[in-house]
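Q: Fold the following, please.
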Amino acid sequence: MSIIVNEKSRVCVQGITGREGMVRTHLMKDYGTHVVAGVTPGKAGTDVHGVPVYDTMEEAVEKAGQIDISVLFVPAALVKNAALEAIDAGVKLLVIVPDRVPIFDVLEVSRYAREKEAHFVGPNTLGLVSPGKAVLGMIGGRAERAREWFRPGNIGVSSRSGGMTSAISYFLTDAGLGQSTIVHVGGDAVVGLSHPEVVELFEKDDQTEMVVLFGEIGTTQEDRVADLIESGKFTKPLIAYIGGKAAKSGTRFSHAGAIVEGTRGSYDSKVKRLKEVGVHVVESVSDIPQVALKLKKGGTG
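A: Model prediction:
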């Protein structure tokens, strides 16, 4: 199986009539994602690429039936209301694509999601893909490219960088190594499903035999993954690359969540901690396939 999404997941797109919403709906449908509804206030009765559009999430659920996942392509300032509306309609997973969502809005969405036993990926995420089954968001760009870059297999990928998410998967595919699910957790300081939550899902997934993680300086995500390994809650082989080796304290590295204050969240501290618990930390992204191949053959990486 795959984590989070499969070919049967019923998906809605909020903001479907906007430029990004229309383009990415085409990507998702063309890849095979089961998109059953779209929502844009005032656009009910229209359709986008054959997907019926409704005014509200409540109306979408009433007329289109159960919705498992909603992908949000709305302006950052409207994300909170759109997310809360989806959760109120019974949706259990959101993919929040926009960046620059106010942090207090994200915290409110996070609180409400916990209350309703829902989850979200992002914000500031390209999305995720279960190769051969479904794409959520904008990862891959076009369906043809997504089919070329992402190959079904048993390596899970969790990444804090959109570009590196695709690059890692491409390198793995080029080496003949397929992926179970690929997740871009998002580049902000506060996200929904972060590295620790994603690797726990991979731990429970029978299809996933090992995991590749792209980490960065800033936040405690990678340290919490190490804690999971140390406590025996994650037991599969893990290969990690940490970006931001040259970043100085107080400097933001690429993403809002990639910033070091003092030694907290530094490159050296993360690499040291991961190595302590047996993670295979590589110096270059291009080294990942070689280490994965050695581990598959029973080597030590």
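Q: Backbone dihedrals for the residue lying closest to residue 17 once chain neighbours are set aside, please?
A: Counting by C-beta to C-beta, 6 or more residues apart in numbering, residue 17 lies nearest to residue 40, which is 4.2 Å off, once chain neighbours are set aside. For every residue, glycine as well, the C-beta is placed using N, CA and C. Dihedral pair for residue 40: phi -150, psi 120, per degrees, to the nearest 10.
Q: count of residues packed around residue 40?
A: Residue 40: 21 surrounding residues under other C-beta atoms under 10 Å.
Q: Can you check the pLDDT for residue 1?
A: On the pLDDT scale, residue 1 is placed at 69.
Q: so where do the strands sit in the stretch 151-300 of the chain?
A: Shown for the stretch 151-300 of the chain, the strands assigned by DSSP state E, counting those that start in this stretch span residues 152-159, 179-184, 210-216, 238-243, 280-281.
Q: Pass me the low-pLDDT residue ranges in the chain, would you?
A: 1, 246-264, 299-301 (pLDDT under 70).
Q: From what I see, the residue nearest to residue 17 and residue 22 are in contact.
A: No: Residue 40 is beyond contact range of residue 22, at 10.2 Å (criterion: C-beta atoms under 8 Å).
Q: just to revisit the earlier point, would you tell me which of the strands of the stretch 151-300 of the chain gets closest to residue 93?
A: strand 179-184 (11.8 Å; C-beta to C-beta).
Q: what about the residue in the chain sticking out farthest from the centre, is that helix, strand or coil?
A: The C-alpha centroid of the chain is most remote from residue 45, which lies 31.3 Å away (C-alpha atoms, centre = their mean). What DSSP: H, G, I helix; E, B strand; the rest coil gives for residue 45 is coil.
Q: residues touching it, list them.
A: Going by C-beta atoms under 8 Å, 6 or more residues apart in numbering, residue 45 touches residue 53.
Q: May I have stretch 105-118 as PDB, with CA atoms only?
A: Output of stretch 105-118 as PDB, limited to C-alpha atoms (Å, rounded to 0.1, in the frame of the first residue of the first chain):
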ATOM      1  CA  ASP A 105      -3.400  30.900  11.200                       C
ATOM      2  CA  VAL A 106      -1.400  27.700  10.800                       C
ATOM      3  CA  LEU A 107      -1.500  27.200  14.600                       C
ATOM      4  CA  GLU A 108      -5.200  27.700  14.700                       C
ATOM      5  CA  VAL A 109      -5.700  25.200  11.900                       C
ATOM      6  CA  SER A 110      -3.400  22.800  13.700                       C
ATOM      7  CA  ARG A 111      -5.400  23.100  16.900                       C
ATOM      8  CA  TYR A 112      -8.700  22.600  15.200                       C
ATOM      9  CA  ALA A 113      -7.400  19.700  13.200                       C
ATOM     10  CA  ARG A 114      -6.300  17.900  16.400                       C
ATOM     11  CA  GLU A 115      -9.700  18.500  17.900                       C
ATOM     12  CA  LYS A 116     -11.400  16.900  14.900                       C
ATOM     13  CA  GLU A 117      -8.800  14.200  14.400                       C
ATOM     14  CA  ALA A 118      -7.800  15.500  11.100                       C
END
